[in-house]
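*Asks:* Sequence first, predicted coordinates after that:
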Amino acid sequence: MTGKRSRNKGECVLFAVLGMSPSVLTETVWALAGERDKRLPDRVVVLTTSEGRKKLARDLFDSGRGPGGWERLRKALKARGLDSAGRLQFGPAADHVRLFPAPSGAGDLADIATSADNLAAADFILRELRAFTENPDTTVLASIAGGRKTMSALLMSCMSLLGREQDRVLHVLVNPPYDTPLDPPFLFPERNVKHRSRDGGGYRSDGACIDLIDVPFVRMRGWYEGAFKSAPPGYAALVSGVQRRAPTPRNYPELLLDRTKGRLLVDKTDDARLSATEFAVLVLLLGGVAAPKAIHDSLLAFKQKTLDSSAPEWLHELKESSRFDAEQCLDDVSKSLSSARAKIKRVAALELLADKLVPLRGRPPVYPAGKLSFSGPDPFVDIRGYPVPPSTP
């Protein structure tokens, strides 16, 4: 599953966007009840249109033909041994069903059909979701199964911007024909209920299979929170601010590893001021020697060589250092990479890119190769087994 499960501390909220298919709510709750921890949401909050609210009321709360769909769900869960007392708080009131406002601010949206509608919906989703994610003890289960695709995409985007480790993004699938219009509408696998399709076929409700899908999502909140002194006023402003801070291939600085002077230069001017050992492991790492043991072995072999007095000063410093002497001293590699990463972060242009250049936990670098260059002879070329370039006549 994606993210860390709640420790039953604080409130658990099922937060959903909804169109004309209220069944995604009942299907999701039914599937959650089948999980190992069987924790039901404490309450449900739905963002929908005025038309969506009418459909929701008809399918889940209309008591004209006996108990509404939501009440039947609660009774069915109790029959499975899951008492929902104090949980699954949900009803047609505005605290639970919240309508998308029109872009003009006058009235509510009956549908989300234009660019202006979508922008207003994005701001609304962000604002309503933020109210729950600001509380560290609240767990948000965000359902993207309902509504138009743009609504689902916007909620997914907002979860990437606001979601925490304990939060989840959920989708729900049900097998045919239960995913098509039926009479009565399918809500969850009910005993002794039969549905009829438009072509006249009859289907037992308890023949449905519901799959709950945890959708992996990138949690950006921890990365960008320190970049803004206050919360941006809306969705567009937040996305724009993140994009200004986030590196793109166009604004990756040019890096030069000067093997003559042992320097990492950023855009030909800023010097990262790496030590000889830090520069050496970086040259090997960015030169294609990714495994820590291979880096260590290369440096160990280098230190056993005899250096000519004309060799660059940084190579003499590397040879005289106390690191990379022992056969199994791999800690020297991780320590040198860690200190190099810390110094690289001090260069303003590389503050947010250091982990791409020197990734954590032994991962290979992902800095764009077109933004990296080397100058000066490679002091490790023969040690690594590469063919030694012919001398220039």
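*Replies:* Happy to help now that I have it.
*Asks:* Pop the domain breakdown of this structure in here.
*Replies:* 12-245, 253-375 (automatic domain parsing).
*Asks:* Kindly check the end-to-end length of the last one for me.
*Replies:* Pointing back at domain 253-375 there. Chord length of domain 253-375, first to last residue, is 17 Å (C-alpha to C-alpha, to the nearest Å).
*Asks:* Check the offset of that domain from the chain's centre.
*Replies:* Relative to the centre of its chain, domain 253-375 is centred 30 Å away, using C-alpha atoms, centre = their mean, to the nearest Å.
*Asks:* By mean pLDDT, which helix or strand of this protein comes out lowest?
*Replies:* The helix or strand of the chain with the poorest confidence is helix 221-224; it has a mean of 71 (mean pLDDT, DSSP states H and E).
*Asks:* Who are the contact partners of the nearest residue to Asp59 once chain neighbours are set aside?
*Replies:* Distance criterion C-beta to C-beta, 6 or more residues apart in numbering; nearest residue to Asp59, sequence neighbours excluded, is Pro22 at 4.4 Å. The C-beta positions use only the backbone N, C-alpha and C, and glycine is treated the same way. Neighbour list for Pro22: 55-56, 59-60, 69, 146, 185, 187 [criterion: C-beta atoms under 8 Å, 6 or more residues apart in numbering].
*Asks:* Format those as CSV; extra columns: pLDDT and secondary structure.
*Replies:* Formatted as CSV, the contacts of Pro22 follow (pLDDT from 0 to 100; DSSP: H, G, I helix; E, B strand; the rest coil):
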residue, pLDDT, secondary structure
Lys55, 94, helix
Leu56, 95, helix
Asp59, 93, helix
Leu60, 95, helix
Gly69, 94, helix
Gly146, 95, coil
Pro185, 94, coil
Leu187, 97, coil
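*Asks:* In the residues you listed, find the pair that's most separated.
*Replies:* Gly69 and Gly146 (14.6 Å; C-beta to C-beta).
*Asks:* In terms of neighbours, single out the busier of the two.
*Replies:* Relative neighbour count places Gly146 above the other of Gly69 and Gly146, with 26 against 23, counting by other C-beta atoms under 10 Å.
*Asks:* related to what we said a few turns ago, what's the closest of the contacts of Pro22 to Thr48?
*Replies:* Leu56 (6.6 Å).
*Asks:* In the stretch 201-350 of the chain, what residue spans correspond to strands?
*Replies:* Counting by DSSP state E, counting those that start in this stretch, the stretch 201-350 of the chain has strands at residues 202-204, 210-214, 255-258, 263-266, 270-271.
*Asks:* Would you mind saying which of those strands lies nearest Gly370?
*Replies:* strand 255-258 (10.6 Å).
*Asks:* Partner strands of that closest one, with direction?
*Replies:* Strand pairing for strand 255-258, using DSSP bridges, gives strand 263-266 (antiparallel), strand 372-375 (parallel).
*Asks:* now these as TSV including mean pLDDT?
*Replies:* Below are these laid out as TSV (pLDDT from 0 to 100):
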stretch	mean pLDDT
strand 263-266	94
strand 372-375	93
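*Asks:* For Asp37, which of those strands is the nearest?
*Replies:* Once the strands paired with strand 255-258 are compared by C-beta to C-beta, strand 372-375 is nearest, at 46.9 Å.
*Asks:* what sits up against that closest one?
*Replies:* Contacts of strand 372-375 (C-beta under 8 Å, 6+ apart): 254-260, 283, 286-287.
*Asks:* How about stretch 288-296?
*Replies:* With contacts defined as C-beta under 8 Å, 6+ apart, stretch 288-296 is touched by 281, 284-285, 298, 324, 329-330, 332-334, 362, 364-365, 384.
*Asks:* Just the buried ones from the residues you listed, in ChimeraX syntax?
*Replies:* Selection of the buried residues among the contacts of stretch 288-296 in ChimeraX, burial being defined by 16 or more other C-beta atoms under 10 Å:
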select :281,284,285,298,324,330,332,333,365,384
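*Asks:* Since that was my last question, I'll sign off now.
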